[in-house]
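Enquirer: Quick one, fold the following:
(2 chains)
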Amino acid sequence: MDCVDAIVIGSGPGGAFAAYGLRGKRVLVLDVGRDAPTDARLSGNVYHLRRTRDDLFPELIGEEFESLHNLHNRPISLKLKSPFMSFVVRDWRRLTPVVSKTFEGVISLAKGGLANAWGAGVYRFTDRDLRDFPISVEDLQPFYDELTSHIGVSGANDDLTPYFAHDEALLPPLALSPLFSELFARYGQARADFARERTFLGRPRLAVLTQPWNGRAAYQYENLEFFQPHIPAIYTPAYTIDQLRSEGAITYLSGRLVERFHERDGQVRVYARNLDTGEAEVWCGRKLCIAAGTLNTARIVLQSAAEYDKRLPVLDNPMACIPFFSLGRIGAGLAANDSSLAQLNWIVDDLDSGETIQGTLYGATGPLRSDVLFTLPLSFRANLTLLKHVAPAAGLLMLFYPGIETPQSYVRLRSSGELEVEFAPTGGNPAIERKIIRLLRRIGYLSHPALIERPGMGQALHYAGVLPMRAEPGPFETHADGRLSGTAHVHIVDGACFSRLPSKNLTFTIMANALRIGRRLAHELS
Amino acid sequence: MNTAVPSLAEEALYLHHSLFGGTPEPVIIERYAAANRKLFPAEAGSALLARIVSRGLDVEAVEFALRRRGAGSELTRRIQVLSYLVEARARYQHYFVSTEPGRGGAVVELAAAVIRSAWKLAKGEYLVRRHGLR
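Expert: Numbering: from 1, shown residues only, chains lettered A, B, ... in the order given. Below you'll find the predicted structure:
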């Protein structure tokens, strides 16, 4: 059997950058690889299109009524259900079934993974974030830098620099919409009050281009993020996979669902199902990098060990969504540069817990109005009026708490092949939320604790920690180089190997860690 | 009194007339029927909507009163289907999006919406009790 240097399972942030790090070797990427529809064509500002194109039914609702998903299915993120975006979560329940009473998340089998629909937040972990990892910032720093150069990161060195790290290579930040431009200016005037509360605001670090970069165009403020995949300015790992394919650096096979692996004679055999033919396939590599997404990585590892009793820990960020309003902007109308990307970040440095709590502020102009119409408290037509005039004056602070390891949060493989996923309920930190609302009021924005919504566990889509890196790993844990304990050539390169989950978006660190491990394996293979 | 279950097309006509005024374009009726057939195949027709249509009741008022009681989700969902379908059409954008700044007008419209909502709630409560709707 022909044996490649390395097999990479998955094409999300971990898989793409493990493969990128392995350039120069014979690399085979096996992926289910659902791709964006080729007819996904929306061009121009979505609100201009809505006024000028007689009918946007195919683009906004879909011939299969995809946008009505939440009316007849389990609710999913509004960003995952529009007709051109629904490929991100297509088929996962059928191909990788999950049973759960508490899990409200999704799995992606798309080329590029869940990062096809991400908020593009790219945050470097600090040593505080990495405190349970057997690696430090020094280990990741060169890979963060290389990634910044490769994908292009916009942002600013501002009050959040102590939390996000200083970065000279940042592109200029995105233009703020009028609501957030005003909010940020008011924060500037009240900075001392915020600082006394150990609370800081600043510009987000986004994998979104504000100027042309590596052949990709700058962001055009078209507010298409809920409807249009693969906007060139917004990075997705699918771009890196496509680049590696076009360079001939990898062989990429889609339509393969990997089920298990087996080490023999210094090689790794990977057993996959060809989804087109239904046939079983066996592939051989000298090294194996698993980046199937945290939950499916756990499934593959447990299936390979035929382990049906073991409960592995699992982490996700508990969330709280805090809406707020500017009375002064009611009736302001939509601005040309409104965007559904992150506008600002909000950090609470919580001395009591020793944790940093991170929030992201968004405008309310991204989704369809019909998505949220009946969450408002008035009659149908009155709600329409409310949405029409209040949307440009409304913002949403999505607050992320660190993931908490508890015995009630676990994944286990059933002998039937279903993955059991459960999360312990969490109530957030009401004291921190009250403090945020008090500070918002201090600078002129209305909110109230009764308006806070708490998405169910799994909805942050930041799954991690099932096979954590340890200095001295035990069974179903990993070494500092991602190598799975008890194996010689199998490495975990996605969020599964995280030792803890801070409140920051983990994607940039998945990329950096995968690149680190990929490079190391390339060196070993040499 | 005729309480036969209305066809999906009749539902679309009645809902549209009540909520947006006038007769919808044929494509809206077709899509409304297709969406309900595809997404809710087990629900041949809505008995609640049949009573509303046959008695010519104010659908916005009834839906609001039932929603406040945590009931009538089937009616709410049917209105939401129609809302999605019209939101994708340019001629309905003025219902959903304000592009012309106008604080004074917006405040007046919002005040009117709150008053309208209170009126619809009172009317809906009366209709729900009067006609035994749930």
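
Enquirer: Identify the residues contacting A:A305.
Expert: Residues near A:A305 by C-beta atoms under 8 Å, 6 or more residues apart in numbering or on different chains: none. (Each C-beta comes from the backbone N, C-alpha and C, glycine too.)

Enquirer: make it 10 Å
Expert: A:A305 is in contact with A:260-261, A:413, A:475-476, A:484, A:486-487, counting by C-beta atoms under 10 Å, 6 or more residues apart in numbering or on different chains.

Enquirer: out of the residues you listed, which one sits closest to B:A106?
Expert: Closest approach between the contacts of A:A305 and B:A106, by C-beta to C-beta: A:L413, at 55.1 Å.

Enquirer: any idea how far A:P475 is from the spatially closest residue to the closest one that is not a sequence neighbour?
Expert: In this structure, A:L413 finds its nearest non-sequential neighbour in A:L302, 3.9 Å apart by C-beta to C-beta, 6 or more residues apart in numbering or on different chains. Distance of A:L302 to A:P475, computed by C-beta to C-beta, to the nearest Å: 11 Å.

Enquirer: so what sits against both of these two?
Expert: A:310, A:467.

Enquirer: would you list every one of the strands in the stretch 201-350 of chain A?
Expert: With strands called from DSSP state E, counting those that start in this stretch, the stretch 201-350 of chain A shows them at A:250-253, A:256-264, A:267-274, A:280-290, A:312-313, A:319-325, A:344-350.

Enquirer: any chance of these in TSV, with distance to A:R381 and mean pLDDT too?
Expert: Output for those, formatted as TSV (distance: least, C-beta to C-beta, whole Å; pLDDT from 0 to 100):
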stretch	distance to A:R381	mean pLDDT
strand A:250-253	51	98
strand A:256-264	48	97
strand A:267-274	52	98
strand A:280-290	53	98
strand A:312-313	49	98
strand A:319-325	21	96
strand A:344-350	33	96
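
Enquirer: picking that back up, now the buried members of the contacts of A:A305.
Expert: A:260-261, A:413, A:476, A:484, A:487 (16 or more other C-beta atoms under 10 Å in any protein chain shown).

Enquirer: Farthest pair within the residues you listed?
Expert: Of all the pairs that the buried ones among the contacts of A:A305 form, the one spanning the most space (C-beta to C-beta) is A:L413 and A:T487, at 17.4 Å.

Enquirer: In three-state terms, how would whatever residue of chain B ends up closest to chain A be classified?
Expert: Residue nearest to chain A within chain B (C-beta to the nearest C-beta): B:A106, separated by 2.6 Å. Three-state call for B:A106 (DSSP: H, G, I helix; E, B strand; the rest coil): helix.

Enquirer: quick one: secondary structure of the residue most central in space within chain B?
Expert: Nearest to the mean C-alpha position of chain B, by C-alpha atoms, centre = their mean, lies B:I79 at 4.2 Å. Judged by three-state DSSP, the three-state class of B:I79 is helix.

Enquirer: Pretty sure it sits against B:L15.
Expert: Yes. At 6.2 Å, B:I79 and B:L15 qualify as touching, with contact defined as C-beta atoms under 10 Å.

Enquirer: Could you pull out the residues contacting both of the two?
Expert: A:380, B:49, B:59-60, B:63.

Enquirer: Select from these the one having the most neighbours.
Expert: Greatest neighbour count in those, by other C-beta atoms under 10 Å in any protein chain shown, goes to B:E63: 27 neighbours.

Enquirer: That one looks like it's in a strand, true?
Expert: No. If the criterion is three-state DSSP, then B:E63 is helix and not within a strand.

Enquirer: Just confirm it contacts A:L378, I think it does.
Expert: No. Assessed by C-beta under 10 Å, B:E63 is found out of contact with A:L378, at 11.5 Å.

Enquirer: Can you list the low-confidence ranges for chain B?
Expert: For chain B, the stretches flagged by pLDDT under 70 are B:1-3, B:44.

Enquirer: try 90
Expert: B:1-7, B:40-50, B:71-73, B:98-104, B:133-134 (pLDDT under 90).
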